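S.K.: Sequence first, predicted coordinates after that:
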Amino acid sequence: MAQALGNNSSLSSALRMERPTTMLHIPPGISLIVSTKLMGSISKVTAPIAKVAPWIAGGAVGIDIYNNQSVSWGNVYQGAVLGLSLIPGAGLIVGGISLLAEGVSFYYTGQSISDNINQNTNIIYDFK
């Protein structure tokens, strides 16, 4: 959502023209009529978070590799999701599906997807 808010030109136009409502377009083709002031406030908070979040996620993958002294297929999965989620528009879909899949994985197995992948595959590269 932060990506959608930050890249929404109709929100920027509505804020400049002081319109009470604006149309928010969210992939895949969903449109919502929302309060311009509310979306402007949310955008100011979420835009910096959206810029920092990929760095935090990449750092977490790097710390996991460092702590385990190995690169696993779970790390490759996490890196792929991170990379794909950076694609404007499509990244929202990839990130949303990944988040939903993580919830399903935790519900049924009690572990993350990358932990399940690591249990069933070998380590790619061991630094030890």
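M.R.: Arrived safely.
S.K.: Helix or strand next in line after whichever strand or helix holds A101, which one?
M.R.: Assigned by DSSP states H and E, A101 belongs to helix 90-109. Counting by DSSP H and E, the next helix or strand C-terminal to helix 90-109 is helix 113-120.
S.K.: List the neighbouring strands of the next helix or strand after that following helix plus their orientation.
M.R.: As assigned by DSSP H and E, the chain's next helix or strand after helix 113-120 is strand 125-126. Strand pairing for strand 125-126, determined by DSSP bridges: strand 70-71 (antiparallel).
S.K.: packing partners for the helix or strand just after the partner strand?
M.R.: Sequence-wise, the next helix or strand downstream of strand 70-71 (DSSP H and E) is helix 73-85. When contacts are defined as 3 or more C-beta pairs under 8 Å, 6 or more residues apart in numbering; DSSP states H and E, helix 73-85 packs onto helix 36-68, helix 90-109, helix 113-120. C-betas here are computed from N, CA, C, even on glycine.
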